[in-house]
Each structure stands twice: as structure tokens, then as C-alpha cells.
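S.K.: Predicted coordinates and the sequence they were generated for:
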Amino acid sequence: MVGNPQSMFEYPLKRLASLRAVAKHGLDAYCLAPQQRLWVALLLILLLKSKPTESHRYIVGDNEGWTYGVSGWQNGKVFYHNNVLVFNYEAGIHNVVRVNRQEYETCQPKPSSKTYNSGHDEFKLKRGMNYFICGVHGHCQLAGMKISINAH
Ligand SMILES: [Cu+2]
């Protein structure tokens, strides 16, 4: 049985009144104590912070840095375009070349590709596939110094 006409209209009217109260008094209408409101704010901040943002920086290879066998470090990580990759390595031992897919697969950078060798090089990820290899002979081919990263 549906209730009498009065109760049928009671709920929408109450709802409207509470919406009006929210519009008028904001969170006060939800009777949140200042302390509760603080928790809500903290929760929101945590939610926003936990998502990798544009400014997120990744140290390639973590503590080991950009070195032999680094390939695979990227697995399981989520990258977004404009994230920054930081390549830390010993200058003179390794270098970094940003390459295309073919160069990546063959470990043969084009002569025109720029080689970075400062020991601390940073690159912004582009949307889609990004490829980096070490241009020192044999390091890409034989020692796994290559990474490919798909950035959202
Ligand atoms: Cu190398």
C-alpha cells in the first residue's frame, strides 16, 4: 500500500528543504563538526595526492639508477604524459639517447639522435610510447640498458 497523499509529498518536500539548507549553509546543513570536516578535507587531499600527477618524477632504476639490467624497472608502474624521468648514472660510463621504436628494437640510434651524457638527465614523457637506450656500444643490446614506457 502506498501511504496517504500527505506522506507521498512529505519526503520530496523535506528533501527540497534540506537541499535549500545546503545551498544556504553549506556543510553546516550536514551537521559536520569542525573536526569531522577536517577529516573530510584530509581525505580529499589524500585522494588527490595519491593519483600520479603531471609533476610526478620517476628516478629510473630507483636507487640503482640507469645501469645494466635496468630494463623492466618500468613494469607495473603507471606513467602519465608530462611525468619526468630522471636518469642518474656515472658520466663517462653510460649515456642516454631518446630514440624511436626502430632504434629501440635494434639498439642502433641514428647518428642524428642526441646523446645525453651529463650523468643526470631529465626527460618529460610524451603521450604514447617513449623509448630510451644507452648509446654505449653493447649496453643496450647485451646489458639491458633500454626502457620503453607507455604514458597515458
Ligand atoms: Cu650504458
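M.R.: Thanks, I have the structure now. Numbering: from 1, shown residues only.

S.K.: Which pLDDT does the model give the spatially closest residue to H152 that is not a sequence neighbour?
M.R.: In space, H152 comes closest to Y80 once its chain neighbours are excluded; the distance is 5.0 Å by Cβ to Cβ, 6 or more residues apart in numbering. C-beta here means a position set from N, CA and C on the backbone, and glycine is covered the same way. You'll see Y80 listed with a pLDDT of 97.

S.K.: going forward can the numbers begin at 162, since that is how I track them
M.R.: Got it, the first residue is 162 from now on, which makes the last one we talked about Y241.

S.K.: how much space between Y241 and H217?
M.R.: 7 Å (Cβ to Cβ, to the nearest Å).

S.K.: same deal with G280?
M.R.: 22 Å.

S.K.: So for these two, which sits in the more crowded spot?
M.R.: Ranked by neighbour count (other Cβ atoms under 10 Å), G280 and H217 place G280 first, with 17 against 14.

S.K.: what residue ranges in the protein are flagged as low confidence?
M.R.: In the prediction, the chain carries residues with pLDDT under 70 at positions 162-193, 205-215.

S.K.: Now do the strands in it.
M.R.: Using DSSP state E, the strands of the chain run over 218-220, 245-249, 257-260, 276-277, 281-285, 289-294, 307-312.
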